[in-house]
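Novice: got a structure for you, letters missing:
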């Protein structure tokens, strides 16, 4: 009826403020968005720590378990940051590619890996510490204009950071949704 409800919808969407930060235009904005995402993940993982140990391995409606989700985020960080930005040759062995990419020969990925939550959290903490150190003093003007991302080709380097944020955000929402199913 010609009525713009955007402001109303955004005001009632708890994720709207964070969603607007997923494509930062500056390194300062990147650091701010990353910080907010990490606060949400820290709260989620603290919640999981208070649940039965098997919770992290449970699937809801055929979706990834929390362990699988965290393994996928390790892979996403490798694909979009470690390989193209840091220039490292291999992914983490415990990373889990998305379904459409699992048949690709990802360097370093062990397709038979079955790590426990503690191993996944340790790998993720190490990876996040590297990312934190890298972005701490980063200025976008110091980045190369483009980077090569396996499976995606040449992309603007800043896009690599955007995808890391989008992956963390999207999977945070899925994990929260699924944990709500586990806690009844």
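Specialist: Thanks, I have it. All figures in this text were calculated on a predicted structure; none of them were measured in a lab.

Novice: make it CA atoms for all contacts and neighbour counts henceforth
Specialist: Fine.

Novice: Now do the longest helix that the chain contains: distance to the chain's middle.
Specialist: When the chain is parsed with DSSP state H, its longest helix is helix 157-182. Put simply, helix 157-182 sits 5 Å off its chain's centre (C-alpha atoms, centre = their mean, to the nearest Å).

Novice: Next: stretch 83-97.
Specialist: The chain centroid and the centroid of stretch 83-97 are separated by 14 Å under C-alpha atoms, centre = their mean.

Novice: which residues make contact with it from outside it?
Specialist: Residues outside stretch 83-97 that contact it (C-alpha atoms under 8 Å, 6 or more residues apart in numbering): 68, 71-76, 78-79, 82, 102, 106-111, 113-115, 120, 147-149, 157, 160.

Novice: could you give me the average pLDDT of it?
Specialist: On average, the pLDDT along stretch 83-97 is 97.

Novice: now for it, what's the gap between its first and last residues?
Specialist: Terminal residues of stretch 83-97 lie 14 Å apart, using C-alpha to C-alpha, to the nearest Å.

Novice: Please produce a ChimeraX select command covering the buried subset of the contacts of stretch 83-97.
Specialist: Of the contacts of stretch 83-97, the buried ones can be selected in ChimeraX as follows, counting by 16 or more other C-alpha atoms under 10 Å:
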select :68,71,72,73,74,75,76,78,79,82,106,109,120,147,148,149,157,160
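
Novice: The contacts of stretch 83-97 in helices, which ones?
Specialist: Among these, the residues falling in helices (DSSP H) are 68, 71-76, 120, 157, 160.

Novice: okay if I get those as JSON lines plus pLDDT and distance to residue 134?
Specialist: As requested, those are exported to JSON lines (pLDDT from 0 to 100; distance: C-alpha to C-alpha, whole Å):
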{"residue": "68", "pLDDT": "96", "distance to residue 134": "26"}
{"residue": "71", "pLDDT": "98", "distance to residue 134": "21"}
{"residue": "72", "pLDDT": "97", "distance to residue 134": "21"}
{"residue": "73", "pLDDT": "98", "distance to residue 134": "18"}
{"residue": "74", "pLDDT": "98", "distance to residue 134": "16"}
{"residue": "75", "pLDDT": "98", "distance to residue 134": "18"}
{"residue": "76", "pLDDT": "98", "distance to residue 134": "17"}
{"residue": "120", "pLDDT": "97", "distance to residue 134": "21"}
{"residue": "157", "pLDDT": "98", "distance to residue 134": "14"}
{"residue": "160", "pLDDT": "98", "distance to residue 134": "13"}
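
Novice: quick one: which of those residues is nearest to residue 49?
Specialist: Distance to residue 49 across those (C-alpha to C-alpha) is lowest for residue 120, with 13.9 Å.

Novice: The protein: strands as residue ranges?
Specialist: Here the chain has its strands, by DSSP state E, at 146-149, 153-156.

Novice: looking at these, which is closest to residue 56?
Specialist: Closest of the strands of the chain to residue 56 is strand 146-149, at 30.1 Å (criterion: C-alpha to C-alpha).
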